[in-house]
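Chemist: Could you look at this predicted model? Sequence included:
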Amino acid sequence: MLRNEVFACFVFYSTLLILKMYTLAVITGQVRLRKKAFANPEDALRHGGIEYNREDPYVERCLRAHRNDMENIYPFLFLGAIYSMIGPSLSVARGHFLVFFLARIMHTIAYLFVFRAPIRSLSYTIAQLPCVSMAIQIIIAVAAYA
């Protein structure tokens, strides 16, 4: 499969996105520790007492950023893998993958650093463009078999 240059390019950007998601999970854990805001009583007890079994607005922001990643990166993983199999040009495919990757990085930065609107929503929208493009091309490529 990695002899398919488009698929190899997809694997590169997909792996970077997964690493970004892992990084966001670590950041969320670190924010929980720093803010002493734990979702589970046993964790709160371990870190100072049951009063730390609470929510924190910034921890919730990190969790929303992570949830948004899951809602957007998982479909990209499917679409990009299938798109890689329908024979797009490497340069066009790389453009799709790179735009999605950069927009998701910007989205996370905007979320975590509380950038003013509409930066986060623009990043989200820009990331959707290559996904919609890939989805349309996939449907066109397989419509004859439906």
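Modeler: Received it, and whenever you're ready, just let me know what you need. Numbering: from 1, shown residues only.
Chemist: How about the residue sitting nearest the centre point of the chain: what's its closest non-neighbour residue?
Modeler: By C-alpha atoms, centre = their mean, the chain has its centre lying nearest to D69, at 3.2 Å. Spatial nearest neighbour of D69, excluding adjacent residues (C-beta to C-beta, 6 or more residues apart in numbering): M21 at 5.2 Å. For every residue, glycine as well, the C-beta is placed using N, CA and C.
Chemist: that older thread, can you verify my assumption that the residue nearest to the centre of the chain contacts Y22?
Modeler: No. Using C-beta atoms under 8 Å, D69 is not in contact with Y22, being 10.4 Å away.
Chemist: The helix or strand of the chain at the bottom of the mean pLDDT ranking: what's the following helix or strand?
Modeler: Every helix and strand of the chain was ranked by mean pLDDT, DSSP states H and E. The lowest is helix 41-46, at a mean of 96. Next along the chain after helix 41-46, taking DSSP states H and E as the criterion, comes helix 57-85.
Chemist: mind checking pLDDT for M1?
Modeler: pLDDT, M1: 63.
Chemist: list the buried ones in the longest helix along the chain?
Modeler: Ranked by residue count under DSSP state H, the longest helix found in the chain is helix 5-35. By neighbour count on 16 or more other C-beta atoms under 10 Å, the buried set for helix 5-35 is 6-7, 9-11, 13-14, 17, 20-21, 24, 28, 31-32, 35.
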